[in-house]
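In: The amino acid sequence is not available; the structure is as follows:
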């Protein structure tokens, strides 16, 4: 069953498609309020605009283009994608250059997004946890390459004879090579019981995710695990004898001036003054947002400007500067690229050999992306409150890259991209094995035979490295074939709802204009 979980998302290249269907909602989606029509906002409603922000906001282009592709404004793109709002902070030369919001933080009230609007950081929260953990490593309280159980007192990761000998280390957890399960978390709707940390780790009621346990031999392969970061949270609390939220505030948020960031789950009165509500295709959640007690993995409320301050500090240490939250040698070790294009707490992005580091995040109703160039100190943080937020972030990133002359993140012709490498029908977060290749069957036509289970099947159409992902484009279609299949799209994810299990054929059609669509037959 599909859930929006707090995970790093690989999907990033997409192109414009028709509006998404509203009548097919993903399983587990929080209840939606009716759509509200809001009056257009002034240019300054989202904070003071400047020449740079105006230029970037007026020339938004999709990743994959064609002869019919035209630049759009951010406001036009938000409307086309039924995305409520987006907030951006731009970093230039290691300093916060500007920040601005577009759209609405809550469509039910028509309140605008501003630079001070708080969003759920989702999996970007893991970068905070990684830095907190590495501070404990620097102080000698946790060993990077020893059994993580030595840093735990209230709970221990059970041994598994299938993977003996061996043990899980902090390095492996931060790099997602520990072999742990529980990739992400769905959150808890207001009014429902919220589990403790130990209940989350053991998967006991009222936790709604499985126990955090070994599923593969530690150290052998990339296997994204949000659950692993909950072990990090436990180790930090046991080592420092402080609640995680208190430790983060004292050790990182306050020293860096992150005054609009907290782990208030659910948010209190102070946080609610200017806070974003989650949305799905332009409709706000009735209860605004889910609660995420998984602080280290998914629980931070923050703003792009605050996360920019965090990135600036990490990058400064990476550049050799002293006096930051981590020593230069520590950050350099964190930024050694490993399996899955991952370091210790940070992922790497970019088409050139000079990668940027950062992270993505996705909770129900919230999607975000941050990254920074370790050499130039240029970077960006983008946070949104609705599905297709990563598509919007990707569009804004490309416009920003073009305006400032960055080396990475360029648009390119759709047909050229499709000819450059094969695409596969790819599964969920840790199911990247790409066995179902889309084979060319004619000019602009591809197809693949895929085994589907009964019910909802979640997938992407992407290259094996995730560099090309057709995601949301495909179609915003809602096609029913032979009354056996319902094909839908939300965000950068595609769904086929099959009435019965079987092998089905997925057809991709792409054109020089930049348009693309899919259909499915068989059964």
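Out: Sure thing, it's come through. Just so we're clear, the structure is a prediction, and the values are computed from it rather than from any experiment.

In: what residue ranges in the stretch 151-300 of the chain score low on pLDDT?
Out: Counting by pLDDT under 70, the stretch 151-300 of the chain shows no low-confidence range.

In: can you give me the strands for it?
Out: Assigned by DSSP state E, counting those that start in this stretch, the stretch 151-300 of the chain shows strands spanning 279-280, 283-284.

In: The last one pairs with which strands, and in what direction?
Out: Neighbouring strands of strand 283-284 in its sheet, by DSSP bridges, are strand 279-280 (antiparallel).

In: any low-confidence regions in the stretch 1-150 of the chain?
Out: Along the stretch 1-150 of the chain, segments meeting pLDDT under 70 span 1-24.

In: And stretch 281-296, what's buried?
Out: With burial defined by 16 or more other C-beta atoms under 10 Å, the residues of stretch 281-296 counted as buried are 281-285, 287-296. The way it works is simple: take the backbone N, C-alpha and C, and place the C-beta from them, glycine included.

In: Check the residues you listed and tell me the two furthest apart.
Out: Using C-beta to C-beta, the two most remote members of those are 282 and 296, lying 31.7 Å apart.

In: before we move on, back to that, which single one of the buried residues of stretch 281-296 is nearest to residue 322?
Out: Nearest to residue 322, judged by C-beta to C-beta, of those is residue 296 at 27.1 Å.

In: a helix runs through residue 517, doesn't it?
Out: No: Residue 517 is assigned strand when assessed by DSSP: H, G, I helix; E, B strand; the rest coil, not a helix.

In: Report the beta-bridge partner residues of it.
Out: residue 509.

In: Would you give the sheet partners of whichever strand in the chain runs longest, along with the direction of each?
Out: For the chain, the strand that runs over the most residues, judged by DSSP state E, is strand 95-106. Paired with strand 95-106 in the same sheet, following DSSP bridges, are strand 85-92 (antiparallel), strand 111-112 (antiparallel).

In: which one of those is the most hemmed in?
Out: Compared across the strands paired with strand 95-106, strand 85-92 shows the largest average neighbour count, a mean of 26 (mean count of other C-beta atoms under 10 Å).

In: now that one, how far from the chain's geometric center?
Out: Offset of strand 85-92 from its chain centre (C-alpha atoms, centre = their mean, to the nearest Å): 16 Å.

In: Same question for stretch 157-173.
Out: The answer for stretch 157-173 is 27 Å, by C-alpha atoms, centre = their mean.

In: what about that stretch, start to end distance?
Out: By C-alpha to C-alpha, to the nearest Å, the extent of stretch 157-173 from end to end equals 12 Å.

In: How about residues contacting it?
Out: Residues outside stretch 157-173 that contact it (C-beta atoms under 8 Å, 6 or more residues apart in numbering) are 133, 137, 142-149, 151, 178-180, 212-214, 216-219, 225, 228-229, 231-232, 235, 344.

In: returning to that earlier point: identify whichever of the strands paired with strand 95-106 lies nearest to residue 514.
Out: If you check each of these against residue 514 by C-beta to C-beta, strand 85-92 wins as the nearest, at 22.5 Å.

In: just to revisit the earlier point, how about TSV for the strands paired with strand 95-106, with distance to residue 324 added?
Out: Formatted as TSV, those follow (distance: least, C-beta to C-beta, whole Å):
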stretch	distance to residue 324
strand 85-92	15
strand 111-112	34
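
In: Report the spatially nearest residue to residue 332, omitting neighbours in sequence.
Out: Leaving aside its sequence neighbours, residue 332 sits nearest to residue 318 (C-beta to C-beta, 6 or more residues apart in numbering; 6.3 Å).

In: Next, find the distance separating residue 174 from residue 341.
Out: Distance of residue 174 to residue 341, given as C-beta to C-beta, to the nearest Å: 14 Å.

In: Could I get the full set of helices for this protein?
Out: Along the chain, the segments classed as helices by DSSP state H run 51-57, 74-81, 125-138, 170-175, 197-202, 226-240, 244-248, 269-272, 295-298, 304-318, 328-334, 389-404, 414-420.

In: Would you check that residue 347 makes contact with residue 361?
Out: No: Residue 347 lies out of contact with residue 361 (C-beta atoms under 8 Å); the separation is 10.9 Å.
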